[in-house]
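Q: sequence plus predicted model, see below.
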Amino acid sequence: MHLTRKAVAFPILLTNDDGIHSPGLQDLASALNSKGHPLVILAPLTEQSAVGMKLTLRDDMKFQEHPEIADRIIKEPSTPMRVFSLDGSPCDCVIVAIDGGLKSRAPEIEPWLCISGINRGPNLSVDVLHSGTVSAAREAALYGLPSISVSLATYAHQDYSQSVEATIAMVDRLSGVLSGIPSNILRPEGSRKRPIAGTEPESLRSWFTQGNIFLNLNIPESWGGRYQTAPLGARWYYNATDTMDRGEVGVAFEVGAAKIVDEDIPNTDCNAVNSGQVSITPLASWPSNHPLGVPDEVLNAATVEGEGGFPSWI
């Protein structure tokens with residue numbers, strides 16, 4: 001893979017929705033640390049899958065450091081790594097991290113990028129509306145921190161090696177886009193700070209670096225090394241509820257899906273993953289009618305595929 005310049009290490013905030021003990025998160029942390037990235041982890045204490053953008057209001061959330069996890073997963077002791085958990089949702093973790101929690105607890109690491117993942121299971125198509133993994137990346141972007149979400153799009157295995165490899169390649173690629181502590185962190189100018197006008201690469205990069213676009217990656221069950229930049233596809237969940245008669249207790253419902261169908265729409269994230277490619281989907285951080293909503297022409301331009309299957313502006 002050709003890069004426009006040599007990849008450089010930079011500080012990263014790592015979170016997820018599978019919880020602080022998730023092997024996907026810990027395997028990625030080890031790999032990022034071995035590549036020289038200063039790393040601070042703030043992840044939910046317990047699994048928080050499919051919670052969307054849930055926030056914990058008016059309740060105390062336990063915040064704790066886990067030096068035992070850091071000692072076990074660290075590969076390069078000279079590179080800073082701090083590991084924390086929060087008894088809350090993925091979005092809670094991101095807000096606490098960005099809005100003062102890490103500045104007071106880990107001031108030596110000021111992230112340039114948030115990575116949410118690596119999640120177990122796909123986050124394709126409509127999944128992005130429910131996913132805690134994707135929501136954490138979106139929350140970081142709303143606070144002005146560039147972000148990506150990453151999922152292993154299968155439940156068939158928990159071997160994250162290919163997902164880690166694909167994520168590291170994306171991080172290397174982004175090192176040519178990120179150049180320091182984000183200028184828009186906490187959005188001090190509100191909506192007055194605008195991305196560069198137009199659809200040229202410089203403009204598209206500004207939408208990402210200011211947090212108005214983020215990237216969603218899905219890695220297939222078996223990956224052959226190829227990427228595809230693609231919009232969301234169409235995925236349908238059938239027989240999504242199961243009814244259980246519990247006698248005197250009453251009737252209970254369980255939400256799931258007996259059948260999941262991906263429509264065969266070419267050049268979408270579902271088709272990319274089903275054909276063995278890593279899908280990369282630019283997503284808008286804000287609703288379309290927000291002052292910082294992404295115009296259709298910008299989002300379409302951000303989804304144009306370039307060298308190696310990556311977005312053309314990276």
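A: Structure received. Residues are numbered from 1 along each chain as shown.
Q: please report phi then psi for Ile185.
A: In terms of degrees, to the nearest 10, the main-chain angles of Ile185 are phi -60, psi 130.
Q: pull the number of nearby residues for it.
A: Residues near Ile185, counting by other Cβ atoms under 10 Å, number 19. From N, CA and C alone the C-beta is placed, and that goes for glycine too.
Q: got a list of what it touches?
A: The contact partners of Ile185, by Cβ atoms under 8 Å, 6 or more residues apart in numbering, come to Ile98, Tyr143, Gly144, Leu145.
Q: and if you look at Ile115?
A: 12-15, 28, 32, 137, 147-150, 167, 171.
Q: tell me which of those is nearest to Asn274?
A: Checking the contacts of Ile115 against Asn274 with Cβ to Cβ, the nearest one is Val150 at 17.9 Å.
Q: any idea how far the strand or helix carrying the closest one is from the chain center?
A: Under the criterion of DSSP states H and E, Val150 resides in strand 147-152. Relative to its chain's centre, strand 147-152 lies at 3 Å (Cα atoms, centre = their mean, to the nearest Å).
Q: show me what it is packed against.
A: Secondary-structure packing of strand 147-152 (3 or more Cβ pairs under 8 Å, 6 or more residues apart in numbering; DSSP states H and E): strand 113-120, helix 132-142, helix 161-174, strand 213-219.
Q: these: which one's closest to Gly250?
A: For the helices and strands packed on strand 147-152, the distance to Gly250 is smallest for helix 132-142, at 29.1 Å, taking Cβ to Cβ.
Q: average pLDDT for that closest one?
A: Averaged across helix 132-142, pLDDT comes to 98.
Q: just stretch 74-87 next, same as before
A: Mean predicted lDDT for stretch 74-87 stands at 97.
Q: show me which of the contacts of Ile185 are buried.
A: Among these, those classed as buried by neighbour count (16 or more other Cβ atoms under 10 Å) are Ile98, Tyr143, Gly144, Leu145.
Q: identify the farthest-apart pair in the residues you listed.
A: Farthest-apart pair in the buried ones among the contacts of Ile185 is Ile98 and Gly144; separation 8.2 Å (Cβ to Cβ).
Q: now the common contact residues for those two.
A: Ile185, Leu186.
Q: pull the number of nearby residues for Ser104.
A: The number of residues packed near Ser104 is 7, by other Cβ under 10 Å.
Q: for Glu110, same thing?
A: By the measure other Cβ under 10 Å, the count of residues near Glu110 is 17.
Q: quick one on the thing from earlier: okay, the helices and strands packed on strand 147-152 in TSV with distance to Ile41 next?
A: Compiled in TSV, the helices and strands packed on strand 147-152 are given as follows (distance: least, Cβ to Cβ, whole Å):
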stretch	distance to Ile41
strand 113-120	10
helix 132-142	12
helix 161-174	15
strand 213-219	19
